[in-house]
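Visitor: Output the structure for:
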Amino acid sequence: MSIRRIAICTGGGDAPGLNAVIRAVVLAAEQRGWDCLGIRDGYNGLLQPDEYAEGVVKLSRETVRGITHLGGTILGTTNRGNPLSFPITGEDGVVREVDRSDELVQKLQVRGIDALIAVGGDGSMAIAHALCQKGVRVVGVPKTIDNDLVGTSVTFGFNTASSFATLAIDRLHSTAEAHRRVMVVEVMGRYAGWIALYSGVAGTADVILIPEIPYDYDEVANKIRTRNQAGYDFSIVVVAEGARPRGGELSVREREVGSAERLGGAGEKVAAEIEARTRQDTRVVVLGHLQRGGSPSTWDRLLALRFGAAAVRALDEGQDGVMVALDPPTVRYVSLEEATERTKTVPLDHDLILTARDLGISFGD
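Guide: Next up is the predicted model:
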């Protein structure tokens, strides 16, 4: 089927590099004579048009000029607009989840959209896969600072987020040493500990706690006591938000209908247990959304531009139901089914874990 008009949407949590993807898609589409539309806030621009002056906007060379270096996304994003389980408030005030995917497919057809480029993480790729099964021509672009999408060696946004976390850890060393404190740094990483692992090793942390390795509070405290006995009376502990103790559960702040549960508090719990066991002054720094914001790194800009251009090339080559993926040194295509079959967690035999153990870093096990 020939293509005349495509649409692009950005969903889930924001990540540095989203605007670079949008720019690459628009410019590559224009090179082929295609029109390009942008859907606001994931799919909400189509599913909730009354909330926007323009829920779907025309994108052109002019509208994407000078956005490569900008964080966020000019189209907006949301993690509460899953068309497969869309939150609807009934007359009784109760929020229920409704499948609006068929309605979304119809709205895409009415707009004359021949193909869709969906940019997002595992949830967005799962939605894209479902739409593909309903007849929508889709190409996915992997985005997540957590780097937990299978099929691609890395996602854009991860490099910027882990580099920022490393910088924050670097800065905490001096204040921790000056006050003889334990500094607990909570970073993002719901089910995968890539950010904690990379930034913790690069930032020379003493303890790194990740979701893949359930930890023991006593082991963490023992590491800190050992350092104190050796004359190092301060320590840096990096905790992924999804890390949990042996036999324990995730630290969840709240659960909402139509959106993923919000994690939080892992760092506070670890800090409290450390202070109780070591009697050493312990403070917590939660980096939170600082990891998502700001200008993308050189690596993430280039990867995002490559992914955006590759997504358009994939459509031009007749591809459908695929996600673009980095397979160094090239970008290849993997099926959306493969990309959503599981979460890419840190293998326990990963070289960086082995390196960390050789350096004396504790994982609390």
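Visitor: buried set for the top helix by length along the chain?
Guide: Across the chain, the longest stretch assigned as helix under DSSP state H is helix 158-179. Of the residues in helix 158-179, 158-166, 168-169, 172, 176 count as buried by neighbour count, 16 or more other Cβ atoms under 10 Å. (Each C-beta comes from the backbone N, C-alpha and C, glycine too.)
Visitor: CA atoms only: put stretch 207-216 into CSV for me.
Guide: C-alpha atoms of stretch 207-216 as CSV (Å, rounded to 0.1, in the frame of the first residue of the first chain):
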residue,chain,number,x,y,z
VAL,A,207,26.7,-0.5,47.5
ILE,A,208,24.4,-0.9,44.5
LEU,A,209,20.9,-2.3,45.0
ILE,A,210,19.0,-3.4,41.9
PRO,A,211,15.7,-5.3,41.2
GLU,A,212,17.5,-8.3,39.9
ILE,A,213,19.4,-9.0,43.1
PRO,A,214,17.2,-9.1,46.3
TYR,A,215,19.3,-7.7,49.1
ASP,A,216,19.9,-8.3,52.8
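Visitor: neighbouring contacts of it?
Guide: 189-193, 196-197, 200-201, 220, 223-224, 235-240, 242-248, 266, 270, 345-346, 348, 356, 361-365 (Cβ atoms under 8 Å, 6 or more residues apart in numbering).
Visitor: Next: stretch 37-44.
Guide: So stretch 37-44 is contacted by 5-12, 22, 45-46, 51-52, 54-59, 74-78, 81, 83, 104, 111, 113, 120, 124, 127 (Cβ under 8 Å, 6+ apart).
Visitor: Quick check: mean pLDDT of it?
Guide: Averaging pLDDT along stretch 37-44 yields 96.
Visitor: What of stretch 271-283?
Guide: pLDDT averaged over stretch 271-283 gives 94.
Visitor: just how off-centre is it within its chain?
Guide: Chain-centre distance of stretch 271-283: 31 Å, with Cα atoms, centre = their mean, to the nearest Å.
Visitor: What of stretch 77-88?
Guide: Per Cα atoms, centre = their mean, the centroid offset for stretch 77-88 relative to its chain is 17 Å.
Visitor: First-to-last residue distance for that stretch?
Guide: 18 Å (Cα to Cα, to the nearest Å).
Visitor: so of the contacts of stretch 37-44, which ones are in helices?
Guide: 22, 45-46, 104, 124, 127.
Visitor: from these, which is closest to R96?
Guide: L104 (17.7 Å; Cβ to Cβ).
Visitor: Who's the closest spatial neighbour of that closest one, skipping the chain neighbours?
Guide: Among residues not flanking L104 along the chain, P83 sits closest, at 4.6 Å (Cβ to Cβ, 6 or more residues apart in numbering).
Visitor: Contacts only, for the one you found.
Guide: P83 touches 43, 47, 99-101, 103-104, 127, 131, counting by Cβ under 8 Å, 6+ apart.
Visitor: before we move on, the earlier item: tell me what the longest helix of the chain is packed against?
Guide: When contacts are defined as 3 or more Cβ pairs under 8 Å, 6 or more residues apart in numbering; DSSP states H and E, helix 158-179 sits against strand 182-187, helix 194-202, strand 235-240, helix 298-316.
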